[in-house]
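> build me a model:
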Amino acid sequence: MTSSSGQAPAPSGAPQPSGPVRRLTARGRDEAHRVASPLELFFDLCFVVAVSQAGVQLVHAVTEGHAADGILNYAMTFFAIWWAWMNFSWFASAYDNDDVLYRVVTLVQIAGVLVLAAGISKAFTDHDFLLVWLGYVIMRLAMAAQWLRVAGSATGAERTTALRYARGVLLCQVGWLGLVVLPEPARLWVFLVMAVAELCVPLYAEKDHETSWHPHHIAERYGLFTIIVLGETIASATVAVKSAVDEHDALTELLPIAAGGLLIVFSAWWIYFVVPIHGHLRTSGRAFIWGYGHYLVFASAAAIGAGLEVAVEQAVGKAHISTLSASAAVTLPTALYLLTVWVLHSRHFKVGLAQQLVLPVTALLVICCTFLGDWAVLAAGLVSAAAVVVGVILTARMAGRQRAASATASAG
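Take a look at the predicted model:
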């Protein structure tokens, strides 16, 4: 974000307000007060449009009894959304100079995700990935153009890294064409091969030179996107409950789902933000695992909202699936979210076996709630909220013991 008048001078590597087009050079990893820019926030909001469309189509697939096919299409389309978002976020953390050309290319990426979002329904219903592929290509060509800008401003190992990124991104687009031109049975294999290829591009590009991403900025960017996805989950569930009440006057059946869903989302927010994860992101190895793992965090968080919609439709008789299936649509993504956040976040900051076991045990109990019939969602919400309470109590007790030990040491 550019400095405004009255602020301290921008640190070395920060964008300087000196002309509409500037050299795209690396920002400092130790840059003070680095925060997300308005452009990045706008970028996130537009990407959530595509997340919302993927969730809507997942709801339709599950309620119509095509859960396996729906989950597969959801995983494929969500990967395209997440990977384009993730690549931009890490690039911006290292190279955002906020000049006119940078903004225009970023807006092109936003246009690409909107094209992708427009094609999600056809990808689910007709297995037609043309628009999804076209939107993804637009986003990725814009990303390659950014890396070529970096290469034009850099020298040595940094230039090599930028060129590797550009080449890798462009070559992958050729492979993704298989989703459009190859027969349907081959598309799953195309997706698996190309997803692995995409994931390997950063590992290859940065093997000799690491980009100067900012740990605090990256942690904030991921946190903000998590908030937006959870907000979309609440919005989707609220609309579903309102529509069901208006059309079926089924408030009694829907209250447990609404209450349980709210507790799940509130707990999901609390659990994610209870630890200062930026302190953990000090090496590229940790950062790659953490960043890649968020595919499951974001996908499961969005799927919770879809699951709540499924549960609502099943409760009012609009979904032709069993209560068990509808309950699983909520509990399984909730359990996946809890386990993934524990693996990526919480376990690095928990002390002692009791603290470490809170989230894994909670995930197991949430899965068990699947079998509680009409009360499954409410029970899962209560279990999630109980996990927060237990975590707070354990942390407070440990802090109390540490204060007591410190006081004893001082007295001695």
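
> quick one, helices of this protein?
38-63, 67-95, 100-125, 130-153, 156-176, 178-181, 184-205, 215-248, 251-273, 284-315, 323-344, 353-369, 376-411 (DSSP state H).

> as TSV, those with mean neighbour count and mean pLDDT would be great.
Every C-beta, even on glycine, is put in place using the N, C-alpha and C of the backbone. Putting those into TSV (neighbours: other Cβ atoms under 10 Å; pLDDT from 0 to 100) gives the following:
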stretch	mean neighbour count	mean pLDDT
helix 38-63	21	92
helix 67-95	21	93
helix 100-125	19	94
helix 130-153	20	95
helix 156-176	17	95
helix 178-181	17	91
helix 184-205	15	93
helix 215-248	19	86
helix 251-273	20	90
helix 284-315	23	90
helix 323-344	24	94
helix 353-369	18	92
helix 376-411	15	84
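
> okay if I get those as CSV plus distance to residue 27?
Converted to CSV, the helices of the chain look like this (distance: least, Cβ to Cβ, whole Å):
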stretch, distance to residue 27
helix 38-63, 13
helix 67-95, 6
helix 100-125, 12
helix 130-153, 12
helix 156-176, 12
helix 178-181, 35
helix 184-205, 18
helix 215-248, 9
helix 251-273, 25
helix 284-315, 16
helix 323-344, 25
helix 353-369, 34
helix 376-411, 35
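
> which of the ones you listed sits closest to residue 19?
helix 100-125 (8.7 Å; Cβ to Cβ).

> what angle separates that closest one from helix 130-153?
Taking axes from the mean of the first three to the mean of the last three Cα atoms, to 10 degrees, one finds helix 100-125 and helix 130-153 inclined to each other by 160 degrees.

> distance check, residue 52 against residue 312.
Taking Cβ to Cβ, to the nearest Å as the measure, residue 52 falls 16 Å from residue 312.

> hmm, who's touching stretch 188-206?
72, 76, 79, 83, 87, 90, 161-162, 164-165, 168-169, 172, 175-176, 178-179, 182, 284, 288, 292 (Cβ atoms under 8 Å, 6 or more residues apart in numbering).

> run the last query once more with 7 Å
76, 79, 83, 161, 164-165, 168-169, 172, 175-176, 178-179, 182, 284, 292 (Cβ atoms under 7 Å, 6 or more residues apart in numbering).

> roughly how far apart are the spatially most central residue of the chain and residue 244?
With distances taken as Cα atoms, centre = their mean, residue 298 lies nearest the centre of the chain, 3.2 Å away. Residue 298 sits 27 Å away from residue 244, going by Cβ to Cβ.

> tell me the one among the contacts of stretch 188-206 nearest to residue 23.
When the contacts of stretch 188-206 are compared against residue 23 (criterion: Cβ to Cβ), the nearest one is residue 161, at 16.3 Å.

> and the closest one, how far is that from residue 201?
11 Å.

> since we're on residue 126, how many residues are nearby?
Applying other Cβ atoms under 10 Å, we find 9 residues neighbouring residue 126.

> okay, it: pLDDT?
Confidence at residue 126, expressed as pLDDT, is 88.

> now it: how far from residue 120?
Taking Cβ to Cβ, one finds residue 126 at 11 Å from residue 120.

> so which two of the contacts of stretch 188-206 are the farthest from each other?
For these, the farthest-apart pair by Cβ to Cβ is 182 and 284; their separation is 34.6 Å.

> tell me who's in contact with residue 363.
335, 338-339.

> ugh, wrong one, I meant residue 323
Neighbours of residue 323 in contact, by Cβ under 7 Å, 6+ apart: 314, 373-374.

> the residue nearest to residue 250 when sequence neighbours are not counted: neighbouring residues, count only.
Nearest residue to residue 250, sequence neighbours excluded (Cβ to Cβ, 6 or more residues apart in numbering): residue 316, at 4.9 Å. Residues near residue 316, counting by other Cβ under 10 Å, number 18.

> any chance of CSV for the contacts of residue 363, columns distance to residue 353?
Converted to CSV, the contacts of residue 363 look like this (distance: Cβ to Cβ, whole Å):
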residue, distance to residue 353
335, 20
338, 18
339, 17
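
> let me know the closest of these to residue 369.
Taking Cβ to Cβ as the measure, residue 335 is the one of the contacts of residue 363 closest to residue 369, at 9.3 Å.

> which non-adjacent residue is nearest the closest one?
Nearest to residue 335 is residue 363, by Cβ to Cβ, 6+ apart, at 4.1 Å.

> what is the nearest of the contacts of residue 363 to residue 303?
Closest to residue 303, out of all of those and judged by Cβ to Cβ, is residue 335, at 11.1 Å.

> and that closest one, what does it touch?
363, 366-367.

> what sits closest to residue 301 if chain neighbours are left out?
residue 229 (4.7 Å).

> same question but for residue 383, I mixed them up
Nearest to residue 383 is residue 365, by Cβ to Cβ, 6+ apart, at 4.8 Å.

> was I right about residue 35 contacting residue 220?
Yes - taking Cβ atoms under 7 Å as the definition, residue 35 is a contact partner of residue 220 at 6.5 Å.

> my guess is residue 356 contacts residue 346, does it?
No - with contact defined as Cβ under 7 Å, residue 356 does not reach residue 346; the gap is 8.3 Å.

> returning to that earlier point: in TSV: the contacts of residue 323, plus distance to residue 26.
Shown next, in TSV, are those (distance: Cβ to Cβ, whole Å):
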residue	distance to residue 26
314	52
373	56
374	56
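
> how close does residue 327 sit to residue 191?
29 Å.

> actually, residue 347.
For residue 347, the distance to residue 191 - Cβ to Cβ - is 30 Å.

> again, but for residue 233
25 Å.

> who touches stretch 23-43?
With Cβ under 7 Å, 6+ apart, stretch 23-43 has contacts from 1, 11-14, 88, 92, 94-98, 102-103, 106, 110, 149-150, 153, 158, 212-214, 216-217, 220-221, 224.

> same question, stretch 290-299
With Cβ under 7 Å, 6+ apart as the criterion, stretch 290-299 contacts 78-79, 82, 86, 199, 222, 225-226, 229, 281, 336-337, 340-341, 343-344.

> do I have it right that residue 112 meets residue 139?
Yes - counting by Cβ under 7 Å, residue 112 touches residue 139, with 3.6 Å between them.

> residue contacts, the residue nearest to residue 301?
48, 51, 298, 301-302.
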